[in-house]
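Participant: Fold the stuff below for me.
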Amino acid sequence: MQIAIASGKGGTGKTTVSVSLYYFLSEKYNNRVQLIDCDVEEPNDLLFFPHAKIETEKKVFTLVPELDNDKCTYCKKCVEWCEFNAISIVQRLKFAEVNYELCHSCGACFEACSFDALRQIENPLGSISNYRTTFGAGISEGRLEIGSAMQTELIKKVKKQADSEQQIPLLDAPPGTSCPVVETVATADYVILVTEPTPFGLHDLKITVELLKEINKPFGVIVNKANLGNDDVYLFLEENNIPLLGKIPFSKAYAENYSRGELFENIPEEVEKAYQSIIGKLASIIN
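Facilitator: Below you'll find the model as predicted:
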């Protein structure tokens, strides 16, 4: 079973919840839990695991077209077939160019070309690393090549590290509701939304709820910093029959632990109780 952790708004504590669930679920399920950081533009789960040991690291690439100007007739058929406007051809100037930032490696241009004027080359996409941690089944992260806009392609590849047969993968999604988030939650069996009891938190929660309903994903909500803000988020959940998985109170001591990257040391009692309650509810979903 795959569980994705997402949030419409950055700063709600999604990373804190993701790594904490990895910790508490690993205790309950005999270390059969994976953490997969799908926030490939800014992966930061590993910050809380200073003793993690790297096991494997590999560069990953996408296959993109390269134009052979000696064979190209500048007929523009490949341009017409490209749905992403990645190929530019100016017939009068005999100019042809591929924009790799727009290319999605779909292969349509190869089908379109009748003159063998395109060949496949590797374009750097980023890297995928796997780490061994002192508990759990380990962490995998994708790290996007600087300047690349192909987040979803790398997320697809890093999700292949998930072992849903032997482990329980936790997919830490990027914030927001754009394509990288959709790609992350696409294979998930259940989605946990992390929000906060503020007007901004509720606004972005509503957008994310609509997204998950549209793609027909079961989900529940965790309210972080629950003793701050107002009650509007709870009224929204109740009015829309959305499961409330738990409320994690704001704790200054816990925030200080976070700032030092020490989430698993001296966990405040009220925070640990909140997570244990959440784990109890998730257990019925996982089992």
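Participant: All the strands of this structure, in order from the start?
Facilitator: Secondary structure of the chain (DSSP state E): strands located at 3-6, 33-37, 53-67, 87-90, 95-98, 118-132, 139-144, 168-172, 190-195, 219-224, 244-248.
Participant: What about Ile192, how many residues nearby?
Facilitator: By the criterion of other Cβ atoms under 10 Å, Ile192 has 27 neighbours. Bear in mind the C-beta positions are built from the backbone N, C-alpha and C, glycine included.
Participant: That one bridge partners, please.
Facilitator: Beta-bridge pairing of Ile192 under DSSP bridges involves Ile5, Gly220.
Participant: Surely it and Ile222 touch.
Facilitator: Yes. Between Ile192 and Ile222 there is a contact under Cβ atoms under 8 Å: 6.0 Å.
Participant: okay, and the common contacts of those two?
Facilitator: Here Ile192 and Ile222 have Val17, Leu245 as joint contacts, going by Cβ atoms under 8 Å, 6 or more residues apart in numbering.
Participant: any idea how the chain splits into domains?
Facilitator: Domain segmentation of the chain under automatic domain parsing yields 3-49+133-286, 61-124.
Participant: Pick the most deeply packed of those.
Facilitator: Highest mean neighbour count of those: domain 3-49+133-286, a mean of 18 (counted as mean count of other Cβ atoms under 10 Å).
Participant: Could you find the closest non-adjacent residue to Ser18?
Facilitator: Distances taken as Cβ to Cβ, 6 or more residues apart in numbering place Asp172 nearest to Ser18, at 4.1 Å, with adjacent residues excluded.
Participant: Next one: Ile285 from Gln161, what distance?
Facilitator: Distance, Ile285 to Gln161, by Cβ to Cβ, to the nearest Å: 22 Å.
Participant: All set, thanks.
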